[in-house]
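**Q** Fold the following, please.
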Amino acid sequence: MGYKNFPGFDIALKNALADLKTFKEGGADAIIFENNYDIPHKIIVGAPVFAAMTFLGKKLREATDMPMGVVFYGTITAPRYQSPRH
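**A** Residues are numbered from 1 along each chain as shown. All right, here's what the predicted structure looks like:
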């Protein structure tokens, strides 16, 4: 997804599901799904990154009934969207 070393969705999903299994077996009572280790970090990301997180998060949700938090780092930009200024 734009990063030179991105392994592709099949491998990303396989790794995420393996991590989920390890957390369950280790006794975790909840998980957090985040894109913190998208490297290099970008402050502004496009819709494809949000779509990827949605796809992978949905697959994780389908694989477990554990409580799951989602953290998305970055500001999403889209046509006709303008971030409010503070």
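
**Q** before we move on, what SS does the residue positioned nearest the centre of the chain have?
**A** Central residue of the chain (C-alpha atoms, centre = their mean): residue 53, 3.7 Å from the mean position. Secondary structure state of residue 53, per DSSP: H, G, I helix; E, B strand; the rest coil, is helix.

**Q** check contacts around it.
**A** Contact partners of residue 53, counting by C-beta atoms under 8 Å, 6 or more residues apart in numbering, are 33, 35, 70, 72. The C-beta positions use only the backbone N, C-alpha and C, and glycine is treated the same way.

**Q** got those residues as CSV, with neighbour count and secondary structure columns?
**A** Formatted as CSV, those follow (neighbours: other C-beta atoms under 10 Å; DSSP: H, G, I helix; E, B strand; the rest coil):
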residue, neighbour count, secondary structure
33, 17, strand
35, 19, coil
70, 14, strand
72, 16, coil
